[in-house]
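Asks: Sequence and predicted model, in that order:
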Amino acid sequence: MLKIDLYSKADGGITASTKIERSPDSPMFFSYYDPCDPITNTVVSDDCAGRIHTRGGTSAKYDKHSFKFSLYSDITCNAQKNMALCGLRDDDDWVLNAMYQEETKVRDMLAYDLWEDIGADHYGDGTILGTRMRYVEVILGGKYWGLYGLCEPEDAKQFGLSQGKEGSVYKVSSWVVPTVNELRGAILHEQAQVAEVEVKYPEVTDASARDAWKPFLDYVEITYESSDFYFQKQIGNVMDEDNLADMWIFLNVIVGRDNRWKNLYLSYRADNGKLVMAPWDCDISFGLNWGESGDLHLYHEPYAFYEIQTMPIFDRYIELNVNDFRTTLANRWKELRETWLTTEEILTRAHTFRTLLEDSGALNRNRKKWPKSGDTTNLSYIEEFVNFRIPHLDAYIASLTEE
């Protein structure tokens with residue numbers, strides 16, 4: 001349970017307001033209560049001050065908003081305060097995902113949970129490549145505000161770039177791919193953003209602009225603006241191919257239609273020397289698609305059962321079989337099919353999350369608070385999707401390595 005009370009200096013303290021804007025941040029008092037902390041297995045509670053703002057694109061137009069908040073030792077907000085909420089990382093920055101549109105309130109959680117086992121431990125050093133999510137309920141301004149997904153933000157620390165490690169983090173927020181000339185212009189003019197691709201780390205300055213953008217520029221030039229011959233010779237120097245295989249498998253298992261460029265983070269670590277990808281915002285998954293019509297814009301997409309998720313980087317690697325990537329993909333698929341990617345394992349996770357929400361009463365409380373939110377009483381569509389999708393991928397991947 002997270003309790004958020006907005007603070008107004010003009011009004012002399014805590015208010016009953018629930019109005020949080022995108023900008024500027026709202027000062028707040030923050031309380032955290034966990035009846036069974038996953039680390040200590042005891043009741044844990046703590047409180048501090050903080051600042052909070054709304055976040056999101058399309059989701060921001062709905063009544064229930066997603067938020068990003070930062071924690072501080074006191075209301076002056078001069079000293080940051082780290083808290084290990086829900087057994088996640090010990091930190092001061094957090095994201096609250098409203099999960100308003102998605103009918104089951106399971107898809108995001110299921111996707112992130114699978115990624116945690118498929119590709120999050122990529123570096124093997126304790127770094128979580130991407131994010132993790134945990135269910136929480138929120139009290140805002142003294143009012144019950146519903147079920148949320150608490151997420152770790154995908155920042156430099158999350159990608160293992162703290163403690164002096166050199167590298168870059170890029171956030172992709174639209175489907176537009178910047179050109180090489182645009183990226184060179186960004187370096188020349190010290191810009192941190194081009195075509196809704198933003199350098200989240202490091203801060204772009206005159207001295208750092210070239211180093212900050214160079215790994216991403218190399219990726220775009222080789223992937224989008226080079227010949228097949230040059231692509232085959234050079235892309236392995238830029239892209240981490242093990243991560244690429246994990247990302248292809250992940251996006252094709254969940255059919256992450258909204259994560260094939262948009263809603264991705266890319267990161268470069270100098271100690272690894274390669275770009276890696278991590279997913280973000282996975283509600284359009286497991287058979288859902290986004291459309292212009294309807295109040296919530298999400299609908300069941302029958303073609304998603306069959307659709308192979310593509311991106312130029314995927315397509316060129318597979319078509320040209322760069323560095324025998326088809327075998328790499330097939331071997332990784334075989335390994336994961338014996339562990340995390342059986343139909344039984346995936347559906348067990350989905351039902352575990354659904355049972356938690358039902359038995360705790362959180363789903364019913366959220367339904368009463370937000371009756372126009374997406375909602376369904378069962379997981380039959382996800383069951384149908386997974387039972388078809390996994391054998392379909394078995395056959396597709398087998399076809400890649402056939403003589």
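Replies: Yep, it's here.

Asks: how about stretch 344-354: buried residues?
Replies: Neighbour-count burial for stretch 344-354, with 16 or more other CB atoms under 10 Å as criterion, is recorded at 345-347, 349-350, 353-354. For the C-beta atoms, the positions are set from N, CA and C on the backbone; glycine is no exception.

Asks: Just give me the closest of the residues you listed to Arg51.
Replies: Nearest to Arg51 among these, counting by CB to CB, is Phe353 at 30.2 Å.

Asks: From what I see, the closest one and Met109 are in contact.
Replies: Yes: Phe353 lies in contact with Met109 (CB atoms under 8 Å); the separation is 5.2 Å.

Asks: got any residues that touch both of those two?
Replies: Tyr135 (CB atoms under 8 Å, 6 or more residues apart in numbering).

Asks: for the stretch 101-250 of the chain, which spans come out with low pLDDT?
Replies: By pLDDT under 70, the weakly predicted segments of the stretch 101-250 of the chain are 163-164, 207.

Asks: What ranges does it have for its helices?
Replies: Listed in chain order, the helices of the stretch 101-250 of the chain (DSSP state H, counting those that start in this stretch) span 107-118, 180-188, 209-224, 228-234, 241-254.

Asks: now the shortest one, how far from the chain's geometric center?
Replies: Between the centre of helix 228-234 and the centre of its host chain there is 30 Å, according to CA atoms, centre = their mean, to the nearest Å.

Asks: again, but for the third one
Replies: In this view, helix 209-224 has its centroid 22 Å away from the chain centroid, taken as CA atoms, centre = their mean.

Asks: Quick one: list the elements packing against it.
Replies: Helix 209-224 makes packing contacts with strand 167-172, helix 180-188, strand 197-201, helix 228-234, strand 264-269, strand 275-279, helix 312-320 when contacts are defined by 3 or more CB pairs under 8 Å, 6 or more residues apart in numbering; DSSP states H and E.

Asks: From the chain's centroid, how far away is the fifth one?
Replies: Averaging C-alpha coordinates over strand 264-269 and over its chain gives two centres that are 12 Å apart (CA atoms, centre = their mean).

Asks: Okay, angle between it and helix 241-254 too, please.
Replies: 160 degrees (axes from the mean of the first three to the mean of the last three CA atoms, to 10 degrees).

Asks: Buried residues, strand 264-269. List them.
Replies: By 16+ other CB under 10 Å, the buried positions in strand 264-269 come out as 264-269.

Asks: Now flag whichever of those residues is closest to Gln101.
Replies: Leu264 (19.8 Å).

Asks: separation between that closest one and Pro279?
Replies: Leu264 is 6 Å from Pro279, where distance means CB to CB, to the nearest Å.

Asks: Next: Asp271.
Replies: Distance from Asp271 to Pro279, counting by CB to CB: 23 Å.

Asks: shouldn't Val276 be in contact with Ser267?
Replies: Yes: the pair Val276 and Ser267 passes the contact test of CB under 8 Å, sitting 5.5 Å apart.

Asks: intersection of neighbour lists for these two?
Replies: 129, 159.

Asks: Now do the helices in the stretch 251-400 of the chain.
Replies: With DSSP H, counting those that start in this stretch, the ranges of helices along the stretch 251-400 of the chain come out as 312-320, 325-337, 343-359, 362-369, 380-400.

Asks: With distance to Met247 added, can I get these in a markdown table?
Replies: Below are these laid out as a markdown table (distance: least, CB to CB, whole Å):
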| stretch | distance to Met247 |
| --- | --- |
| helix 312-320 | 8 |
| helix 325-337 | 11 |
| helix 343-359 | 17 |
| helix 362-369 | 31 |
| helix 380-400 | 14 |
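
Asks: mind checking which of these is nearest Lys81?
Replies: Between those, helix 362-369 lies closest to Lys81; by CB to CB that is 26.5 Å.
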